[in-house]
Every structure is written in C-alpha cells, then in structure tokens.
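Asker: Sequence and computational prediction follow.
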Amino acid sequence: MCLAIPGKIVNITAQLDETFRYGKVSFGGILRDVNLSMVPLAREGDYVLVHVGAAISVIDEAEAEQTFNYLKEIGDLDDLGHEA
C-alpha cells in the first residue's frame, strides 16, 4: 500500500531553478527535507502530500489536518519521528 503523509512547507531550502527544489516540511512539528520538484507551484505555508521523500500534490489545510489526525489516531505515524 502506498501512503502519503500531509505536511506543511516551512521553507524552501534549495532551488536550482523553478522545477528542482527542496524544502523543509513539518509533519506535526517533525521537520524533514522533501523534494518539491513534482509540485512546482507550491510555496512556503502550503500543505503537501509527501510519499517517500517527495511532495506529490498540494492539498488544503483542512484536508491535511484531517488526514494527519486520522493517521496519528491509527498509529501510522510512529516511525515518522525516527531517522531511517
């Protein structure tokens, strides 16, 4: 099963051009580096769905909050706080 986790873009940390960008994304206060190349219109403060280190779509804040809370409730975020 593929699982994408919602997070908020805190800042853009590297940008080679308009397409190839990286940023810090917050997942309930846990920050991770995320590839933003697949969401070229995403900006700081936007919410994105992240799968295996890459943001795959921009979502609204209400959807992000609802999804994140559900994942937390069922325990699917347990590994998020640990480095691989």
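Answerer: Received the coordinates, thanks.

Asker: C-alpha coordinates for the helix or strand of the chain with the lowest mean pLDDT, PDB please?
Answerer: Sorting the helices and strands of the chain by mean pLDDT, DSSP states H and E puts helix 61-73 at the bottom, at a mean of 88. Output of helix 61-73 as PDB, limited to C-alpha atoms (Å, rounded to 0.1, in the frame of the first residue of the first chain):
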ATOM      1  CA  GLU A  61      -5.200  22.900   5.200                       C
ATOM      2  CA  ALA A  62      -8.400  21.200   6.300                       C
ATOM      3  CA  GLU A  63      -7.700  18.100   4.400                       C
ATOM      4  CA  ALA A  64      -4.100  18.000   5.700                       C
ATOM      5  CA  GLU A  65      -5.300  18.300   9.300                       C
ATOM      6  CA  GLN A  66      -8.000  15.700   8.900                       C
ATOM      7  CA  THR A  67      -5.700  13.200   7.300                       C
ATOM      8  CA  PHE A  68      -2.800  13.800   9.700                       C
ATOM      9  CA  ASN A  69      -5.100  13.300  12.700                       C
ATOM     10  CA  TYR A  70      -6.500  10.100  11.300                       C
ATOM     11  CA  LEU A  71      -3.000   8.700  10.600                       C
ATOM     12  CA  LYS A  72      -1.900   9.700  14.200                       C
ATOM     13  CA  GLU A  73      -5.100   8.000  15.600                       C
END
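
Asker: can you list the weak-confidence ranges in the protein?
Answerer: Residue ranges of the chain with pLDDT under 70: 1-2, 76, 78-84.

Asker: do that again at 90, thanks
Answerer: Per-residue confidence for the chain (pLDDT under 90) gives these ranges: 1-4, 14-20, 28, 67-84.
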